[in-house]
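Visitor: what follows is a predicted protein model with its sequence.
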Amino acid sequence: MRVHLERDRLRRRIFARYEYTSLKFRCVLRNQIVGVVPINVKGLVVVGRIRNRCVITGRSRSVSRFFKISRIQFRELSSVGKIPGIFCSSW
């Protein structure tokens with residue numbers, strides 16, 4: 001589990017570092033200027049390779065984008081009342 005977290009952090013740092021450069025290359029390629037070859041850093045710059053992970057547990061599946069936590073942690077924290085504005089409902 002630890003390996004996945006470290007790999008994801010590394011991918012996020014590399015993406016942030018080369019985001020502007022890759023954006024420039026994509027704009028140049030869209031304008032079809034010949035002679036410029038885009039530089040890709042070992043495939044780590046691709047946005048699709050970055051996973052949304054739970055900030056508490058590191059779980060990669062069923063993570064809420066707004067809260068950045070998994071559904072399991074969301075249920076636990078909301079039942080205790082740790083998330084403001086979220087409360088248990090009963091009918």
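Guide: Sure thing, it's come through. Numbers count the residues shown, from 1 in each chain.

Visitor: drop to CA atoms for contacts and neighbour counts, all remaining ones
Guide: Noted.

Visitor: give me the low-pLDDT residue ranges for the protein?
Guide: Low-confidence segments of the chain, defined by pLDDT under 70, are located at 1, 29, 32-49, 90-91.

Visitor: what segments of it are helices?
Guide: 2-30, 71-80 (DSSP state H).

Visitor: quick one: buried residues of the last one?
Guide: Looking back up the chat, that one is helix 71-80. Within helix 71-80, the residues scored as buried using 16 or more other Cα atoms under 10 Å are 71, 73-75, 77.

Visitor: redo these as TSV? Include distance to residue 86.
Guide: Conversion of those to TSV gives the following (distance: Cα to Cα, whole Å):
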residue	distance to residue 86
71	13
73	13
74	10
75	10
77	9
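
Visitor: of those, just say which sits nearest to residue 27.
Guide: Closest to residue 27 out of the buried residues of helix 71-80 is residue 71 (38.1 Å), distances taken as Cα to Cα.

Visitor: show me this protein divided up by domain.
Guide: Recorded structural domains for the chain (assignment: automatic domain parsing) are 1-51, 52-91.

Visitor: identify the residues contacting residue 60.
Guide: Going by Cα atoms under 8 Å, 6 or more residues apart in numbering, residue 60 touches 51-54, 70.

Visitor: tally of neighbours for residue 54?
Guide: 23 (other Cα atoms under 10 Å).

Visitor: for it, give its distance to residue 25.
Guide: Distance of residue 54 to residue 25, computed by Cα to Cα, to the nearest Å: 32 Å.

Visitor: just residue 6 next, same as before
Guide: 28 Å.

Visitor: neighbour-wise, which of the two wins?
Guide: Higher neighbour count among residue 6 and residue 25: residue 25, with 15 against 11, using other Cα under 10 Å.

Visitor: what is the neighbour count of residue 24?
Guide: The burial count for residue 24: 12, using other Cα under 10 Å.
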